[in-house]
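>>> Sequence plus the predicted model coming up.
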Amino acid sequence: MSVWFTSDLHFRHGLVAGHRGFATTDDHDAAVAENWRRVVRADDQVWVLGDLALCHPEHPLRIIADLPGRKHLIVGNHDPAHPMHRDSHKWQRHYYPIFESVQAFARRKVAGQTVLLSHFPYAKDRHEARYMQYRLRDEGEWLIHGHTHGPEVREGREIHVGLDAWDLSPVHISMIEKLMRETDD
């Protein structure tokens with residue numbers, strides 16, 4: 001079993017598909033799904049750190065259901081199950097047939113160190129720091145996140161696993177471990 005991380009899949013999101021160089025959302029969605037299938041195996045664990053889509057979750061959940069791996073979701077601001085949305089509690093049940101867990105953030109061990117998983121970085125954003133009340137406080141722990149859509153992979157003890165930084169592909173845990181070692185050296 002391997003462990004993978006990804007974020008900001010943004011299925012059916014025309015603006016994101018265009019920024020990523022696709023003429024249609026169907027082309028974008030097919031490329032994202034193909035890149036996932038290329039690396040993830042059936043018994044692998046995949047942590048999706050939010051923003052599956054900008055639409056009702058039915059379509060993205062059908063795509064995700066057909067992809068290999070045991071999946072966990074850390075919800076993002078575009079996911080209706082995120083607690084920032086008034087009716088988030090009504091949406092969680094839609095995700096459970098596909099994801100083994102659905103939560104706002106999580107804590108894991110990577111390379112023997114505690115790592116936090118969140119959709120949001122600690123504070124920095126591309127333009128401004130939005131959604132501050134939903135971000136984890138920086139107390140020195142490693143953070144794996146999405147949300148920023150930039151090409152930056154690492155800043156300090158934060159590792160961005162969004163598709164825009166990783167050629168539209170999930171990131172293997174060995175790459176996360178390598179980035180952590182480089183920073184700690």
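Looks like it came in fine.
>>> So, low pLDDT: which residues of this protein?
The model of the chain has pLDDT under 70 over residues 126-128, 184-185.
>>> mind listing the helices in it by residue range?
With DSSP state H applied, the chain shows helices at 14-19, 25-39, 58-65, 88-95, 173-184, listed in chain order.
>>> would you list those in JSON lines and tack on distance to P151 and mean neighbour count?
All C-beta spots, glycine's among them, are computed from the backbone N, C-alpha and C. Formatted as JSON lines, those follow (distance: least, C-beta to C-beta, whole Å; neighbours: other C-beta atoms under 10 Å):
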{"stretch": "helix 14-19", "distance to P151": "12", "mean neighbour count": "15"}
{"stretch": "helix 25-39", "distance to P151": "16", "mean neighbour count": "17"}
{"stretch": "helix 58-65", "distance to P151": "24", "mean neighbour count": "17"}
{"stretch": "helix 88-95", "distance to P151": "29", "mean neighbour count": "15"}
{"stretch": "helix 173-184", "distance to P151": "14", "mean neighbour count": "15"}
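>>> would TSV of those helices with distance to A123 be doable?
TSV is the format used below for the helices of the chain (distance: least, C-beta to C-beta, whole Å):
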stretch	distance to A123
helix 14-19	23
helix 25-39	28
helix 58-65	28
helix 88-95	23
helix 173-184	18
